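In: generate a structure from the sequence data that follows.
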Amino acid sequence: MTRRKKSSRQAKLQTGIPVVKVRGPGSLLAAFSQSDRVRLVRHLLALAVVCLAGVAVAATILYVHGQIDRLGNRYTSFCSINDTVNCDRVLASEYAKIAGFPIAWMALAAYAGMAAIFASASRADEQLRRRLIALGSAGVVGALVFSGYMAVVAAFRLETLCLLCAGLYTVALTNAAITVSMLRGFRNSAAGSPFGPGAAAGVFSVATIGVVALAWLTWPAGGQAAASLRSAEDVRRADPDFYAWYTALPKVDVASLVRDDQVATLSRDKVVIVDFFDLECAHCKKNYQLVKQLMAVRGGEVQLVHRHFPLDASCNDIVPVSLHPDACRAAEAVECAGLQGKHDEMIDILFANQGQLFAENLPRLAGKIGLDKDALERCLDEHRTLPLVLADARAGARLDITSTPTVFIGGRRITGALEEVGKYEMAVVIDAVRPH
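Out: Now for the predicted structure:
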């Protein structure tokens, strides 16, 4: 036995740790102990499993997309819980697609690819494993940047939490944490980390540029651009995606959407917007503000009709649980104010004080807009206007309305309303009544 072999055997006997041969400065596992190598493989397999979870979530999102496209307003997914936690509202928005294709396809392909990369790296030889780790880590950074962008859109533009989307955000964050932990294991490696801070910064920059490009492609057209539109053809050229989506919506007779006492007030020369709303609904408040902006710029072309659809079991037969327990009483108060000639003003003050709609506070709020508080209280105590609220809620039930707001523009149904006043302007231009 040679001196070299004997020394090696002695070292093994003394330490109890297998000796790893160094194959040169480029070796991935240079100076790695057996436990470090096992830990690296575990990290890679964990990343592959988490990526597969991302594939499953993306596939579920695509299923919901398909149901929304096929069934429209008749479909409600399992994760559309209320006005704030609502997957359908996010996935039906224009931010969720590029050129008509769901962005979730990108997530599915990306996570499937990363799962394959990390799984392959766990079994690859040293040099190939190093390259695969670098490639997979770059994918993790890109996915994290993209998830951050989508989270900002949902939170600040749509003001809605999509639980399925949050699942993808969780996948991205988990992958990032595992990747950081894995790369720390290369600190003592003679070969160094296969994906260092410089590479991470470069991938982050490229991913950010890609997200900016995506935002440019998917961001809805602004209201200023819509203000200059004069015809449906102008809208088609300015925003072909919106034009194609909106004009494909089926139309119903506007007269079938309003109460009998409202039919006579309908204008034949204007686009009629019928808004089914709930005074405690945060999205209804936002939509109401958008429609008010629309009326300020195109009031001469639009007629607005309000109808109540409180998510309150005390006056809405199809609501099993009162999500908004003060909504029915508030709706009655609006109609009582209408008897004093201040219907719209009452809606304004109630939306402005949306968190204070308990019954005892309604007369006080009515007094702020000059209403006779005593008369309003008598009206509420006698439930004089309850039949109007019941008629609105039952009409909404016949129309299969399940969430608020639901808006009909010129007879075209839009669940969840539109994201900004510019879209409303484009809808009005498309449906504008043309003089013969």
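
In: and the lengthiest helix in the chain, what other elements does it pack with?
Out: Criterion DSSP state H: the longest helix present in the chain is helix 34-71. Under the contact criterion of 3 or more CB pairs under 8 Å, 6 or more residues apart in numbering; DSSP states H and E, helix 34-71 touches helix 87-91, strand 101-102, helix 104-121, helix 126-152, helix 163-184. No exception for glycine: its C-beta is placed from N, CA and C like everyone else's.

In: okay, the angle between the last one and helix 104-121?
Out: Interaxial angle of helix 163-184 relative to helix 104-121 (axes from the mean of the first three to the mean of the last three CA atoms, to 10 degrees): 30 degrees.

In: just the mean pLDDT for helix 163-184, thanks.
Out: Computed over helix 163-184, the mean pLDDT rounds to 95.

In: and that helix, how far out from the chain middle?
Out: 20 Å (CA atoms, centre = their mean, to the nearest Å).

In: what's that helix in contact with?
Out: Residues from elsewhere that reach helix 163-184 (CB atoms under 8 Å, 6 or more residues apart in numbering): 40, 43-44, 46-47, 50-51, 53-54, 57-58, 60-61, 64, 79, 81, 85, 87, 90-91, 107, 111, 114, 133, 136-137, 140-141, 143-144, 146-147, 150-151, 154, 193-195.

In: now that helix: buried residues?
Out: When burial is assessed from 16 or more other CB atoms under 10 Å, helix 163-184 yields the following buried residues: 163-169, 171-172, 174-176, 178-179, 182-183.

In: and of the residues you listed, the nearest to Val297?
Out: Set against Val297, the nearest of the buried residues of helix 163-184 by CB to CB is Cys165 (32.6 Å).

In: end-to-end on stretch 378-390?
Out: With CA to CA, to the nearest Å applied, stretch 378-390 spans 19 Å between its terminal residues.

In: show me what counts as buried in it.
Out: In stretch 378-390, counting by 16+ other CB under 10 Å, buried: 379-380, 385-386, 388-390.

In: got it, and stretch 362-375?
Out: In stretch 362-375, counting by 16+ other CB under 10 Å, buried: 362-363, 365-366, 371.

In: just confirm Phe408 is within a helix.
Out: No. Counting by DSSP: H, G, I helix; E, B strand; the rest coil, one finds Phe408 to be strand, located in no helix.

In: name the residues linked to it by a beta bridge.
Out: Val274, Arg413 (DSSP bridges).

In: dump the residue contacts of it.
Out: 252, 254, 257, 272-274, 414.

In: repeat that with 10 Å
Out: Phe408 sits next to 249, 251-252, 254, 256-258, 272-276, 305, 307, 399, 401, 414 when contact means CB atoms under 10 Å, 6 or more residues apart in numbering.

In: the stretch 151-300 of the chain: strands as residue ranges?
Out: Per DSSP state E, counting those that start in this stretch, the stretch 151-300 of the chain carries strands over the ranges 271-277.

In: need the helices for it, in chain order.
Out: For the stretch 151-300 of the chain, applying DSSP state H, counting those that start in this stretch gives helices covering 163-184, 197-218, 223-227, 232-238, 240-247, 260-263, 282-298.

In: spatially central residue in the protein, please.
Out: Val90 (2.8 Å; CA atoms, centre = their mean).

In: leaving out chain neighbours, which residue sits closest to that residue?
Out: Cys162 (3.8 Å; CB to CB, 6 or more residues apart in numbering).

In: what of Phe351?
Out: Lys285 (4.8 Å).

In: what about this protein, any weak spots by pLDDT?
Out: 1-32, 72-74, 83, 188-191, 218, 220-227, 433-436 (pLDDT under 70).

In: list the buried residues of stretch 65-75.
Out: Of the residues in stretch 65-75, 65, 67-68, 73, 75 count as buried by neighbour count, 16+ other CB under 10 Å.

In: would you put the C-alpha positions of it in CSV?
Out: C-alpha atoms of stretch 65-75 as CSV (Å, rounded to 0.1, in the frame of the first residue of the first chain):
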residue,chain,number,x,y,z
HIS,A,65,-60.5,31.6,-16.8
GLY,A,66,-62.1,29.0,-19.0
GLN,A,67,-65.3,28.9,-16.9
ILE,A,68,-65.6,32.7,-16.9
ASP,A,69,-65.1,32.9,-20.7
ARG,A,70,-67.7,30.1,-21.2
LEU,A,71,-70.3,31.0,-18.7
GLY,A,72,-69.7,34.7,-18.0
ASN,A,73,-71.8,36.0,-15.2
ARG,A,74,-73.4,32.6,-14.5
TYR,A,75,-70.1,31.3,-13.1
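
In: quick one: that stretch to chain centroid distance?
Out: Using CA atoms, centre = their mean, the offset of stretch 65-75 from its chain centre is 16 Å.

In: for that stretch, give me every contacting residue.
Out: Residues beyond stretch 65-75 that count as contacts (CB under 10 Å, 6+ apart) turn out to be 64, 76-77, 87-88, 91-92, 96-97, 100-105, 249-250, 399-403, 406, 413-416.

In: of those residues, just the buried ones, ChimeraX syntax please.
Out: Entered in ChimeraX, the line below selects the buried ones among the contacts of stretch 65-75, by 16+ other CB under 10 Å:
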select :64,76,77,87,88,91,92,96,97,102,103,104,105,249,399,401,402,403,406,413,414,415,416
